[in-house]
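Asker: below: sequence and its predicted model.
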Amino acid sequence: MDDRPARAVQLGLEPHPEGGWYRQTWSSPVMVTLPDGRIRSTATLIYFLLPAGESSAWHRVRSDEIWLGHDGTVTVELGGSGPAPDETAAIRLRIRADEPQGRVPAGVWQRTLVSDADALVSCLVSPGFDFADFELA
């Protein structure tokens with residue numbers, strides 16, 4: 001039996017390690033060599049679904065992220081770039097219909113909170129996302 005939310009089933013989403021559900025929908029075929037020698041796609045794009053009342057774990061990635069809102073409202077808390085998230089100084093980005101875009105800078109701790117309704121966003125990462133560049137708090 002499939003325990004995924006109906007929208008996750010509809011979009012073919014799988015569990016994400018930080019929480020929520022995701023599926024990569026695009027990866028640029030253009031590659032870039034980063035200053036440290038790592039090779040990445042220039043950009044990647046995912047769907048990310050957070051069911052009502054859930055949140056993602058604090059995490060960070062080595063690339064900039066652009067969040068694009070589709071349905072519902074998410075609040076992305078930014079916890080600085082120190083060795084651990086600084087919850088007391090968190091900056092909040094709201095991604096919703098009237099503010100459908102937000103940016104999370106590379107290396108900044110983040111977590112996502114959702115309201116009392118499911119929220120669906122897309123996340124564009126550049127240079128492209130790789131789990132080798134992903135860190136949970």
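Answerer: On my side now, so go ahead. Numbers count the residues shown, from 1 in each chain.

Asker: my read is that residue 68 contacts residue 125, right?
Answerer: No: no contact is recorded between residue 68 and residue 125 when judged using Cβ atoms under 8 Å, the distance being 11.7 Å. For the C-beta atoms, the positions are set from N, CA and C on the backbone; glycine is no exception.

Asker: so these two - more neighbours on which side?
Answerer: residue 125 (24 against 16; other Cβ atoms under 10 Å).

Asker: am I right that the more buried one is in a strand?
Answerer: Yes: applying DSSP: H, G, I helix; E, B strand; the rest coil, one finds residue 125 inside a strand.

Asker: measure it to residue 30 for me?
Answerer: According to Cβ to Cβ, to the nearest Å, residue 125 stands 14 Å off from residue 30.

Asker: low-confidence stretches in this protein?
Answerer: Counting by pLDDT under 70, the low-confidence segments of the chain come to 1-2.

Asker: report the contact partners of the spatially most central residue of it.
Answerer: Nearest to the centroid of the C-alpha atoms of the chain, with distances taken as Cα atoms, centre = their mean, sits residue 123, at 5.5 Å. Contacts for residue 123 were tallied using Cβ atoms under 8 Å, 6 or more residues apart in numbering; they are 45, 46, 48, 65, 66, 67, 68.

Asker: which of the residues you listed sit farthest apart?
Answerer: Farthest apart among the contacts of residue 123 by Cβ to Cβ are 48 and 66. That separation is 12.2 Å.

Asker: so which of these two has more stuff around it?
Answerer: When residue 48 and residue 66 are compared for neighbours, residue 48 comes out ahead with 23 against 15, by other Cβ under 10 Å.

Asker: noted, bye for now.
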